[in-house]
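>>> What follows is a predicted structure for the sequence shown.
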Amino acid sequence: MSKFTKFAAVLFIIAFIFGCASSKTSKESSTGSKQLPSGTPSGSIHWEGEEFSAILDGAWGHGTVDFKGKVYKFKSTAVGVGGFGGQKISATGKVYNLKNISDFPGKYNIARAGATAAMGAGYWYIRNNNGVEIVMKPESEGLALSLGLSGITVQMVNE
């Protein structure tokens, strides 16, 4: 077995363990299938950032959330385990269960799996401890393989 194959196998096992451990961060039905938030979205979101991985994962970015007719700016950082490569990401989506803008910042968790070769796409579902749920469609450019768990910190930016 080559060193690369062993490395890939270890990376997959670590990502699988972290992904299974993260199952509490997603909503699941009694059958075990993931349920996306239902009802009317509280607002919309746009985010842009960059991600680089070499087993450990780091990402940073900035964006806006439109809530009750007002646009709020935020920045984010993320650290995680599982992946290799680099990519630029732009994502748009909907925010659910946001009752007050003060519930938006904080810590979010995301279990992720995907690959980018030149351009990639998929969906993200993230949730914070305040019950705020976000569903985004990211579009990425670069060369990356990601499989693992990340913790995201969101901070509001004052103008």
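Received, thanks. Residues are numbered from 1 along each chain as shown.
>>> max-length strand in the chain?
For the chain, the strand that runs over the most residues, judged by DSSP state E, is strand 70-96.
>>> If you count neighbours, what's buried in it?
Of the residues in strand 70-96, those buried under the neighbour-count criterion (16 or more other C-beta atoms under 10 Å) are 72, 74-76, 78, 80-87, 89-91, 93-96. In short, each C-beta sits where N, CA and C put it, glycine included.
>>> Quick one: list the elements packing against that strand.
Judged by 3 or more C-beta pairs under 8 Å, 6 or more residues apart in numbering; DSSP states H and E, the packing partners of strand 70-96 are helix 3-21, strand 43-67, strand 106-121, strand 133-157.
>>> hey, what's residue 127 bridged with?
Residues in a beta bridge with residue 127, per DSSP bridges, are residue 109, residue 133.
>>> Could you check how far it is from residue 39?
Distance from residue 127 to residue 39, counting by C-beta to C-beta, to the nearest Å: 15 Å.
>>> And the two? Which one has more around it.
When residue 127 and residue 39 are compared for neighbours, residue 127 comes out ahead with 20 against 7, by other C-beta atoms under 10 Å.
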